[in-house]
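**Q** sequence and predicted model, in that order:
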Amino acid sequence: MSTQQSPSAEAPPLPAPRDPELREMANAVRALSMDAVEKAKSGHPGMPMGMADVATVLFKKFLKFDPREPAWPDRDRFVLSAGHGSMLLYALLYLTGYPEMTLEELKRFRQLGSRTAGHPEYGHAPGIETTTGPLGQGLANAVGMALAERIMNARFGDELVDHRTYVIAGDGCLMEGISHEAIGLAGHLKLRKLIVLWDDNSVTIDGPTGLSVSDDQLERFEAHGWSVAAVDGHDTDAVAAALEVAQTSNRPSLIACRTTIAFGAPTKAGTAAAHGAPLGAAEIEGARKRLGWPYPPFEVPEAIRARWQAVGARGAEASRVWRERLAEAPADVRHEFERRQSRELPAGWRDALAAVKTKFAADAPKIATRQASGAVLDALASVMPELIGGSADLTPSNNTKAKSQAELTPRNYGGGYIHYGVREHGMAAAMNGLALHGGVVPYGGSFLIFTDYCRNSIRLSALMGVRVIYVMTHDSIGLGEDGPTHQPIEQLAALRAIPGLRVYRPGDPVETAECWELALSSPKVPSVIALTRQGLPTLRRDTQENRSARGGYVLAEADGGPRAVTLVATGSEVSIAMSARDLLTAKGVAAAVVSLPCWQLFDAQDAAYRARVLGTAPRIGVEAASPFGWERYVGEAGTVIGMRSFGASAPAEDLYRHFGITAEKVAEAALSVWRSS
Ligand SMILES: Cc1ncc(C[n+]2csc(CCOP(=O)(O)OP(=O)(O)O)c2C)c(N)n1
């Protein structure tokens, strides 16, 4: 007989719960979480076990949702920002009866093709409101969701839009820099229907939080204009009381919930050991004993299941009544609401855009593409009420504010323009939240160089497939005197490497209008539109077809004979290529110019089209950026006129000359390639 003590014998008994029924419900979440992580042999049991009591109170008493109508527009949003605790969310969705979150899915936790991915992924199952995992992102998405609610409420009123956004965030979320931007923005905008439940368990991966952080989170949030409260996260009455108070606050609310990570586990509770690894059979057995959960893995007794199902059924009546209200709303209001929910754009937007494009082609202005973009926005904003613009404090540089757009402020959520402040990352993550919420189409500006500051949010736009439009100006050394800290070099290549993201770099005003049309017309695709600071000539005078839609096209075919050389360029370098073509033509060398405003769209064309555009003559790539990636268009041995170092501080024209990105240099390179071909 073994003399080894079982873990439960060593651990003190758990204090009696405030409400045994709620504790049993929470224990169902705990057991499913430990079992799923154990079966997957990977995952994070600690956080779901620690926050099970808090989540049970939230779902049972507060959250407005209806598993049978998971897309109900007026549902409360629940965001699990601490995405590593994904089993908490999956268990809740299963227990409350989301039809697609079956027990089988819980058993397939973290397996290929399951809905129960390692971290919650938007689109895998209804009820997963956003993709979380990179800490802090969910919290910052939630700011966008809560803001979208206020925007839609300003337009459609309490009858149709009146819901809250709840977040569970961990120590990690609050340590990440993005949380600073997010909570500052939420406090400033007085997003009173945003409620954050902080899993205040004082444990991260490395050990106790005392190893790395001594922030007073309550004072911190308070300083940002939030209401704050601190409760024992295992005292369900206290959690409920704090949530009750938060409902009435006129500011966003933080509730610090003091919890024990892996609550119930006999030896690992309260320690980092429970954070991110299966508990192991003995520890699970001990936890079952301590929690008073004698049931086999993945089994929830009928009585407890029934209690959870009642929670899931609680919102059905409210959702039915809401649908009735929508049906009874005046037809124009209902149609507008439904149109915006369906992500369909209003009649007239393409005409408005076509009018600007036609004017560009007729007037042939020499303007920066950021100015052209500004003119496009002026035309669109008045016909697209869902367009919500903004900039991270570069409004006059990004040309992102349309003349008709009023400022969005806590006193006017009906405004269409957000001053995000110097918060690129917060802006990008909030835009993801705006897009995910629905009813609005967000775009926001900064300098292209600062896409590095918000890259993870851009990546998540692409991973989730949401229509967020990043208007990124000052897209090369062409920005001039601000110098190498501001001049993007590798950013285009880095953005093009993100799967599913469309990176547009229009070469003139007409292409700028075309790229905007493309970005808006794809409801499940995020876009970066890279725009110049410097003026560019209008190259395109034809407007019938959106030629940018194929990603690349022959802007100017070779004159007087078959192509001797093809110059392939993007953005501001298309006009340089056109001038080089003139120089080459004068020397009797027939050069074609291909404009390539969107690599992703060009790569998606059939091989015959791409071959026709690129031709068989030697090719030169021209782009004032890192040549990384250009080999696919010019060949392994091909020539790229680009940037092989950081830039420098000087007027733009001097820089172009200094770095050899001129029509003369392009023509020279073309001649040498042609001669040796
Ligand atoms: C941006 C980011 N950095 C690092 C990680 C890796 N990571 C996952 S969980 C975690 C610790 C989080 O601690 P906490 O929020 O307290 O969660 P708990 O230990 O309570 O589960 C870290 C560093 C991550 N997911 N995202």
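**A** Received it, and whenever you're ready, just let me know what you need. Residues are numbered from 1 along each chain as shown.

**Q** residues from the stretch 501-650 of the chain in reach of the ligand?
**A** Taking Cβ under 6 Å from any ligand atom as the contact definition, the stretch 501-650 of the chain does not meet the ligand anywhere. (Each C-beta comes from the backbone N, C-alpha and C, glycine too.)

**Q** residue ranges of the helices in the stretch 501-650 of the chain, please?
**A** 509-520, 572-586, 599-603, 607-614, 631-634 (DSSP state H, counting those that start in this stretch).

**Q** mean pLDDT and mean neighbour count added to the ones you listed, as JSON lines?
**A** Output for these, formatted as JSON lines (pLDDT from 0 to 100; neighbours: other Cβ atoms under 10 Å):
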{"stretch": "helix 509-520", "mean pLDDT": "98", "mean neighbour count": "27"}
{"stretch": "helix 572-586", "mean pLDDT": "98", "mean neighbour count": "23"}
{"stretch": "helix 599-603", "mean pLDDT": "98", "mean neighbour count": "19"}
{"stretch": "helix 607-614", "mean pLDDT": "98", "mean neighbour count": "14"}
{"stretch": "helix 631-634", "mean pLDDT": "96", "mean neighbour count": "17"}
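
**Q** how close does the residue of the stretch 101-250 of the chain found nearest the ligand sit to H44?
**A** Going by Cβ to the nearest ligand atom, the ligand is nearest to G170 of the stretch 101-250 of the chain, at 2.4 Å. Distance of G170 to H44, given as Cβ to Cβ, to the nearest Å: 10 Å.

**Q** between the two, which contacts overlap?
**A** G85 (Cβ atoms under 8 Å, 6 or more residues apart in numbering).

**Q** quick one, which of these two is more surrounded?
**A** G170 (29 against 26; other Cβ atoms under 10 Å).

**Q** can I assume the more buried one is in contact with P48?
**A** No. Checked against Cβ atoms under 8 Å, the pair G170 and P48 is beyond contact range at 11.4 Å.

**Q** overlap of the contact sets of the two?
**A** G85.

**Q** count of neighbours near A591?
**A** By other Cβ under 10 Å, neighbour count at A591 equals 29.

**Q** any idea what it is bridged to?
**A** For A591, the beta-bridge partners are V565 (DSSP bridges).

**Q** quick one, what contacts it?
**A** Contacts for A591 (Cβ under 8 Å, 6+ apart) come out as 558, 563-567, 580-581, 584-585, 670.

**Q** please repeat the previous calculation with a cut-off of 7 Å.
**A** 558, 564-565, 567, 581, 584-585, 670 (Cβ atoms under 7 Å, 6 or more residues apart in numbering).

**Q** gap between A347 and L326?
**A** 21 Å.

**Q** I meant to write P442 there.
**A** In terms of Cβ to Cβ, P442 sits 24 Å off from L326.

**Q** same check on A428?
**A** With Cβ to Cβ as the criterion, A428 and L326 are 32 Å apart.

**Q** neighbour-wise, which of those two wins?
**A** The residue with more neighbours, out of A428 and L326, is A428; 33 against 18, by other Cβ under 10 Å.

**Q** isn't that one up against I458?
**A** Yes. The pair A428 and I458 passes the contact test of Cβ atoms under 7 Å, sitting 6.0 Å apart.

**Q** was I right to think A262 contacts A273?
**A** No. Contact criterion Cβ under 7 Å: A262 and A273 do not qualify, at 8.2 Å.

**Q** who's more crowded, the two?
**A** Neighbour totals were compared for A262 and A273, and A262 leads with 31 against 19 (other Cβ under 10 Å).

**Q** quick one: residues contacting the residue of the stretch 451-600 of the chain found nearest the ligand.
**A** Proximity of the stretch 451-600 of the chain to the ligand (Cβ to the nearest ligand atom) peaks at N456, 7.2 Å away. Shown in contact with N456 (Cβ under 7 Å, 6+ apart): 134, 137.

**Q** helix/strand/coil for it?
**A** helix (DSSP: H, G, I helix; E, B strand; the rest coil).

**Q** strands of the stretch 301-450 of the chain, start to end?
**A** 367-368, 387-391, 417-419, 441-447 (DSSP state E, counting those that start in this stretch).

**Q** tell me which of those strands sits nearest to A316.
**A** Among the strands of the stretch 301-450 of the chain, the nearest to A316 by Cβ to Cβ is strand 441-447 (30.8 Å).

**Q** what helices and strands are in contact with that closest one?
**A** The contact analysis (3 or more Cβ pairs under 7 Å, 6 or more residues apart in numbering; DSSP states H and E) places strand 441-447 against strand 387-391, helix 424-437, strand 469-473.
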